[in-house]
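1. What follows is a predicted structure for the sequence shown.
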Amino acid sequence: MQVLAAQELYNREWRYHMDLKLWFAEAEQVNSSAGPGQTQYIYFDINAWERRLFSGNIPGGIESSFMRKEAIFSLSQSNPNQAGPGSQLAS
């Protein structure tokens, strides 16, 4: 079930950050302080159960640690008992 949820989130333009263990999506331009060519991201805060604007600074850019599409869609072909993105939520 988690694999299917991860694949659906990816299809809806959300990206899983492997280091932060959060899902991110590109934000509509909400802050004029972002320079041209700078993409702002929102993330889903599981504690507040809402989307929030990400204001952190990641060396190498936030995109550098997004899980690749091939990795997400190959999860369903691997061991069905293998944990996927968000598996820390399963209790």
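-> Happy to help now that I have it.
2. Could you point out the longest helix of the protein?
-> Using DSSP state H, we find that the single longest helix of the chain is helix 2-11.
3. Which parts of this protein are helices?
-> With DSSP H, the ranges of helices along the chain come out as 2-11, 69-74.
4. want to throw these into TSV with mean neighbour count and mean pLDDT?
-> From N, CA and C alone the C-beta is placed, and that goes for glycine too. Formatted as TSV, those follow (neighbours: other CB atoms under 10 Å; pLDDT from 0 to 100):
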stretch	mean neighbour count	mean pLDDT
helix 2-11	16	94
helix 69-74	13	93
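5. Quick one: closest of these to residue 45.
-> helix 2-11 (14.8 Å; CB to CB).
6. quick one on the thing from earlier: may I see the helices of the chain organised as JSON lines, with distance to residue 60 added?
-> Shown next, in JSON lines, are the helices of the chain (distance: least, CB to CB, whole Å):
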{"stretch": "helix 2-11", "distance to residue 60": "21"}
{"stretch": "helix 69-74", "distance to residue 60": "18"}
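7. Looking at those helices, which is nearest to residue 51?
-> Among those, helix 2-11 comes nearest to residue 51, with 12.5 Å by CB to CB.
8. May I have that closest one as CSV, with CA atoms only?
-> What follows is helix 2-11, C-alpha atoms only, in CSV (Å, rounded to 0.1, in the frame of the first residue of the first chain):
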residue,chain,number,x,y,z
GLN,A,2,2.8,2.4,0.8
VAL,A,3,4.4,1.8,-2.5
LEU,A,4,1.2,2.6,-4.3
ALA,A,5,0.8,5.8,-2.3
ALA,A,6,4.4,6.8,-3.1
GLN,A,7,3.8,6.2,-6.8
GLU,A,8,0.6,8.3,-6.7
LEU,A,9,2.3,11.1,-4.9
TYR,A,10,5.1,11.1,-7.6
ASN,A,11,2.4,11.1,-10.4
